[in-house]
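Colleague: 3D, please:
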Amino acid sequence: MKRLRVLHLIDSLAAGGAERMAVNLCNLLNERGTPAWLCATRAEGPLLEMVADTDRYIFLEKRNALDFRAFTRLIRFIRRERINVLHAHSSSLAWAVMAKYFADIKVVWHDHFGNSEFLDSRARLPIRLFTRSVDYVISVNEKLQRWAIEKLNIDEDKVSYLPNFPMLSPKQTRPDRHSKRDIPVIICTANLRAAKDHHTLIKALALVRNDGIPFKLWLVGADFNDTYSRSLKQLIHERNLSGDVEFLGVRTDITDLLCQADIGVLSSVTEGLPVSLLEYGLAGLPVVATAVGQVPEVVGECGVVVPPKDVEALAAGLKKFLCDKERRRQLGKKFNERVEERYSAAPVYDLL
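Modeller: Numbering: from 1, shown residues only. Below you'll find the model as predicted:
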């Protein structure tokens, strides 16, 4: 059997879930002895710092969908490195399929679509056009797997659900979260986008503050300084939470931040399988998250899962942890064990 030589194709290295998985998979394959490369087509970004071997990285500087120069560089790279599997993430599907006509490769499409609650409105025709030429499809949750079979007419034996998995930098000696600080820190690692629904989180924390319960909230993720961002900051001001909320922006020291936090939260209205949630678990954080995408299955009985857009339920879930250090410790430990067993790099590699 020919040895696998895999190229992961991703649009950019911005701080997003699909991008993190492209980097994680490339790093994992190389770590386990399967040669793998990473290609960013359009833009680089902060996740470049996470690429373990930059000698196995290429940036195409793609200017538009018909950039012949960039596409030629891709084909030359595939031939030179004797790539035989092109693993296309999300919107890289089209270029991967086109590359198949110029190189002897198999194409795997990794569907990271994050709006799993709104699949009925997802355009099918262009995706179906390109997936006719792919050899395999990987979906980040079970809803997307079913959608691929039922709506894209992909054979069941050519599509599978592969969980996302986190890869944090080596753990430092973790500080004792339960004795050295009086005010618990809640962390939310999610870019400032409408799908993440930070507004419901802020409204829930206003209820918490009204009950006299102290906290700090760290918002980690890209701030696009758009209407959503401005309205969120206005809401924080109106609810008198400016002193309780910190915007930390895009960070590459996620491990350090998680080690300093006490509670992980996600208030999304839609998700696939959020890498942030898995990182909370790997860091031993108790979690409060909304019941969207694969979240309920990931959390199980090891955290608090609430309906999306339910301010009161989200507030109640956060209060359970803010007011009970021992509960935080116990469920943080349980969630850590669950993620290590089911969603860490080792079990996911076995599925590959």
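Colleague: quick one, domains of the chain?
Modeller: 6-162, 185-342 (automatic domain parsing).
Colleague: which other helices and strands contact the top helix by length along the chain?
Modeller: The longest helix of the chain (DSSP state H) is helix 325-342. For helix 325-342, the elements it packs on are helix 275-282, helix 295-299, helix 311-322, judged by 3 or more CB pairs under 8 Å, 6 or more residues apart in numbering; DSSP states H and E. (Glycine included, C-beta is placed from N, CA and C.)
Colleague: contacts for that helix next, please.
Modeller: 163, 166, 177-178, 184, 262-263, 278, 280-287, 298-303, 320-321, 347 (CB atoms under 8 Å, 6 or more residues apart in numbering).
Colleague: going through those, which ones are buried?
Modeller: 163, 166, 177, 184, 262-263, 278, 280-287, 298-299, 302-303, 321 (16 or more other CB atoms under 10 Å).
Colleague: in JSON lines, list the helices and strands packed on helix 325-342 along with mean pLDDT and distance to residue 58.
Modeller: Converted to JSON lines, the helices and strands packed on helix 325-342 look like this (pLDDT from 0 to 100; distance: least, CB to CB, whole Å):
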{"stretch": "helix 275-282", "mean pLDDT": "96", "distance to residue 58": "23"}
{"stretch": "helix 295-299", "mean pLDDT": "97", "distance to residue 58": "33"}
{"stretch": "helix 311-322", "mean pLDDT": "98", "distance to residue 58": "43"}
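Colleague: reformat these as TSV; add distance to residue 195.
Modeller: Shown next, in TSV, are those (distance: least, CB to CB, whole Å):
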stretch	distance to residue 195
helix 275-282	13
helix 295-299	13
helix 311-322	16
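Colleague: can you tell me which of these is nearest to residue 199?
Modeller: Set against residue 199 and scored by CB to CB, the helices and strands packed on helix 325-342 come closest in helix 311-322, at 9.3 Å.
Colleague: by contact count, what packs against that closest one?
Modeller: Against helix 311-322 (3+ CB pairs under 8 Å, 6+ apart) you get helix 198-210, strand 263-266, strand 287-290, strand 304-306, helix 325-342.
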